[in-house]
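> Just to be clear, the model below is a prediction. Sequence and coordinates:
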Amino acid sequence: MNIENLSMREKSLVFIGFMGVGKTTVAQLVAKKLYRDFVDIDLEIEREFGMPTTDIFKKIGERKFREKEKEYVLRYCKQPLKVISLGGGAFMQEDIRNACLKHSIVFYLDISWDSWKERLHMLVDSRPVLQDRSLEDIEELFNARKSTYEEHNSKLMTDHFNEEEVANYIIDSVKLAWDLHE
């Protein structure tokens, strides 16, 4: 199958956004409802190294993690009929961003800073990028990444929706786009 000529219906769906926005949960729901394979890039890396992401960052280093992340994303985003959840920092890599935008449909799940802060207590221990950072440092990272996330095919502000509502909205949008492009 020539990946350059995938129809819109066949292209994989890639979810981007800041850590803790709900990418993995929403992507799992979308994959299930569309009968597609779900891929969590962070989980793939954790399986390969046999340890959680926080340990990979501490023992092997962020650089090696980012290399592996790029390898997996470039492989999966070119395959048809996948639903892929990227880690919050993956899309910061230009090669990943370009490949996803070229070969997949990229959904940016956005969230306001105030809504995100309410989730911080659930995230800080499992997210290596948050380790040893002040709230001000995290807010700076949050705002710095927003401009890169703005390179997408579709965006949804998730503040006032639960994961099921977000997934349903995305599925409805995708189906409408498929119909329009046939």
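Good, I have the coordinates.
> which ones are touching Val26?
15, 109, 163, 166-167, 170 (Cβ atoms under 8 Å, 6 or more residues apart in numbering). The way it works is simple: take the backbone N, C-alpha and C, and place the C-beta from them, glycine included.
> now, among the residues you listed, which is nearest to Ser154?
Ile170 (7.6 Å; Cβ to Cβ).
> what's the helix or strand for the closest one?
Using DSSP states H and E, Ile170 maps to helix 163-181.
> one step back: got the contacts of Val26 as JSON lines, with pLDDT and neighbour count columns?
Formatted as JSON lines, the contacts of Val26 follow (pLDDT from 0 to 100; neighbours: other Cβ atoms under 10 Å):
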{"residue": "Phe15", "pLDDT": "98", "neighbour count": "26"}
{"residue": "Leu109", "pLDDT": "96", "neighbour count": "26"}
{"residue": "Glu163", "pLDDT": "94", "neighbour count": "18"}
{"residue": "Val166", "pLDDT": "96", "neighbour count": "23"}
{"residue": "Ala167", "pLDDT": "97", "neighbour count": "23"}
{"residue": "Ile170", "pLDDT": "96", "neighbour count": "24"}
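> so the longest strand along the chain versus helix 163-181, what angle?
In the chain, assigned by DSSP state E, the strand with the most residues is strand 104-110. Per axes from the mean of the first three to the mean of the last three Cα atoms, to 10 degrees, the angle that strand 104-110 makes with helix 163-181 is 140 degrees.
> any idea which helix or strand comes after the lowest-mean-pLDDT helix or strand in the chain?
Across the helices and strands of the chain, mean confidence by mean pLDDT, DSSP states H and E is lowest for helix 120-123: a mean of 60. Downstream of helix 120-123, the first helix or strand assigned by DSSP H and E is helix 135-149.
> buried set for the helix or strand following that next one?
Counting by DSSP H and E, the element after helix 135-149 in chain order, helix or strand, is strand 154-157. Residues of strand 154-157 classed as buried: Leu156 (neighbour count, 16 or more other Cβ atoms under 10 Å).
> What of stretch 32-52?
34, 36, 38-46.
> repeat for stretch 174-182
Those would be Val174, for stretch 174-182 by 16+ other Cβ under 10 Å.
> Could you look up the SS state of the closest residue to Met19 other than its chain neighbours?
Ranked by Cβ to Cβ, 6 or more residues apart in numbering and with sequence neighbours excluded, the top spatial neighbour of Met19 is Gly88, at 3.5 Å. Put simply, Gly88 is coil when judged by DSSP: H, G, I helix; E, B strand; the rest coil.
> so Glu10 touches Lys78, yeah?
No. Between Glu10 and Lys78 there is no contact under Cβ atoms under 8 Å: 11.4 Å.
> out of those two, which sits in the busier spot?
Lys78 (18 against 13; other Cβ atoms under 10 Å).
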